[in-house]
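Asks: model the structure of this input:
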Amino acid sequence: QVQLVESGGGLVQAGGSLRLSCAASGRTFGSYAMGWFRQAPGKEREFVAAISGSSDSIYYTDSLKGRFTISRDNAKNTVYLQMNSLKPEDTAVYYCAARIGTLRVRAGEYYYWGQGTQVTVSS
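Replies: Have a look, this model is predicted:
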């Protein structure tokens with residue numbers, strides 16, 4: 001079983017940057033594909049980005065390509081989401097998630113979830 005803890009959220013002005021971190025427990029972190037999702041008030045949880053266990057496969061939702069970057073450090077059991085040029089519409093609770101095997105874009109295919117971290121972008 002994997003426990004995930006996100007950090008790095010906060011309040012930032014439009015155009016600013018944040019880096020989210022997700023620390024995972026366990027000794028087999030490299031076996032897990034990791035994903036970032038977000039959920040804005042009144043909206044469904046949506047896929048942001050995902051990365052394979054060895055970082056050889058990465059996928060982004062089209063609308064965020066070029067602004068968001070996912071990465072991982074298996075030695076630190078941590079996955080990151082670098083968010084640049086933030087917009088008010090990026091305001092949401094951001095969640096990291098883990099699954100054994102290949103990366104996926106559907107939330108229902110991830111087994112483990114963090115508690116989320118709030119990102120608020122002011123205009």
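
Asks: could you report the neighbour count for residue 14?
Replies: Using other C-beta atoms under 10 Å, residue 14 has 13 other residues around it. To be clear about C-beta, it is placed using only N, CA and C from the backbone, and glycine gets the same treatment.

Asks: pretty sure it contacts residue 91?
Replies: No. Using C-beta atoms under 8 Å, residue 14 is not in contact with residue 91, being 10.1 Å away.

Asks: now the common contact residues for the two.
Replies: Residues within reach of residue 14 and of residue 91 at once, by C-beta atoms under 8 Å, 6 or more residues apart in numbering, are residue 121.

Asks: what comes up buried for stretch 26-36?
Replies: 29, 32-36 (16 or more other C-beta atoms under 10 Å).

Asks: these in strands, which ones?
Replies: Mapping the buried residues of stretch 26-36 onto strands (DSSP state E) picks out 32-36.
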